[in-house]
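Enquirer: Here is a sequence with its predicted model. Questions after.
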Amino acid sequence: MTALAQMAPDTAADRVARYGWPDLTQELDGFGCAVLPGLLSADECTGIAALYDEEAWFRSHIHMARHGFGRGEYKYFRYPLPDLIAALRTALYPPLAEIANRWNVRLGVDVVYPRNHADFLAQCHAAGQGRPTPLLLRYGPGDYNCLHQDLYGALAFPLQVAVLLSQPGEDFTGGEFVLTEQRPRMQSRAEVVPLRRGDAVIFAVHNRPVDGAKGAYRVNLRHGVSRVRAGRRHTLGVIFHDAT
Ligand SMILES: O=C(O)CCC(=O)C(=O)O
Ligand SMILES: [Fe+2]
């Protein structure tokens, strides 16, 4: 077991509270994504990436090429999650639930997410979604992640987070985080999110409201990763709904 399991989980809430949530909310409302610079330290990034080779932490291992998902691989964590990852997921959820609830109001969706992640997970479990979805991804030269949506059942929390664990320009080149937004009867919009090691991107899982002349309409988002040109790139994915 690495030092990771011993990291103090109580700092996660402080870290999350440090960010300027009004500005982040504006970014998410305007563009469907926002960056949390330096959510993890360099040591934490190295520690989490190193878990990839410790089988005991994971419930499954996916080779993307076998499924047509791209090229590269990832592993889903099993419960109990490493402390730091569990603490971050719990701490990130409440501000995101506020945004998600406002989005639902704007879209006329009659769903209110509970304030605490534990209560949302209880809803997932009651709906037959009980498998953990946080994951570690590993890309090498030529690897990429096709545009996709991380939906794992009827219940889906509309925002998710990915943390870049490797340093662009040092550990790898290429491998940009990409989001596309498909607007009804319009051409798609792409967004490339510049990240440094330890930065987290918050983004919409499948759709979000955009204001139009006749009220808010729904746009459809997908995310992926462009081709890694050289080196190795690791990411931590934090999804808030559990899977069937
Ligand atoms: O590797 C990345 O940056 C994207 C990972 C991803 O698809 C996810 O976290 O859901
Ligand atoms: Fe994803």
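Expert: Alright, I've got the coordinates. Numbers count the residues shown, from 1 in each chain. Ligands and ions are numbered 1, 2, ... in the order given.
Enquirer: Show the low-confidence segments of this structure, by residue range.
Expert: The model of the chain has pLDDT under 70 over residues 1-10.
Enquirer: and the closest residue to ligand 1 within the chain, how far is that from residue 149?
Expert: Residue of the chain nearest ligand 1, by C-beta to the nearest ligand atom: residue 237 (2.6 Å). C-beta coordinates here come from the backbone N, C-alpha and C atoms, glycine included. Counting by C-beta to C-beta, to the nearest Å, the separation of residue 237 from residue 149 is 13 Å.
Enquirer: Between the two, which has more neighbouring residues?
Expert: Higher neighbour count among residue 237 and residue 149: residue 237, with 18 against 15, using other C-beta atoms under 10 Å.
Enquirer: can you give me how far the longest helix along the chain is from the chain middle?
Expert: As assigned by DSSP state H, the longest helix anywhere in the chain is helix 83-107. In terms of C-alpha atoms, centre = their mean, to the nearest Å, the gap separating the centre of helix 83-107 from the centre of its chain is 11 Å.
Enquirer: So is that helix next to ligand 1?
Expert: No - using C-beta under 6 Å from any ligand atom, helix 83-107 never reaches ligand 1; the gap is at least 12.4 Å.
Enquirer: So which other helices or strands are in contact with that helix?
Expert: Helices and strands touching helix 83-107, by 3 or more C-beta pairs under 8 Å, 6 or more residues apart in numbering; DSSP states H and E, are helix 11-18, helix 21-31, helix 42-50, helix 117-126, strand 159-164, strand 207-212, strand 215-225, strand 233-238.
Enquirer: May I see the buried residues of it?
Expert: Across helix 83-107, burial judged by 16 or more other C-beta atoms under 10 Å covers 84-97, 99-101, 103-104, 106-107.
Enquirer: Which residues of this protein lie near ligand 1?
Expert: So the chain meets ligand 1 at 137, 145, 150, 162, 177, 223, 225, 235, 237 (C-beta under 6 Å from any ligand atom).
Enquirer: ok, back up a step: who touches both of residue 237 and residue 149?
Expert: Counting by C-beta atoms under 8 Å, 6 or more residues apart in numbering, residue 237 and residue 149 have no contacts in common.
Enquirer: Could you double-check that the residue of the chain closest to ligand 1 lies in contact with residue 164?
Expert: No - applying C-beta atoms under 8 Å as the test, residue 237 and residue 164 come out as separate, 10.8 Å apart.
Enquirer: how about residue 158, what does it touch?
Expert: So residue 158 contacts 100, 103, 204, 205, 206, 207, 208 (C-beta under 8 Å, 6+ apart).
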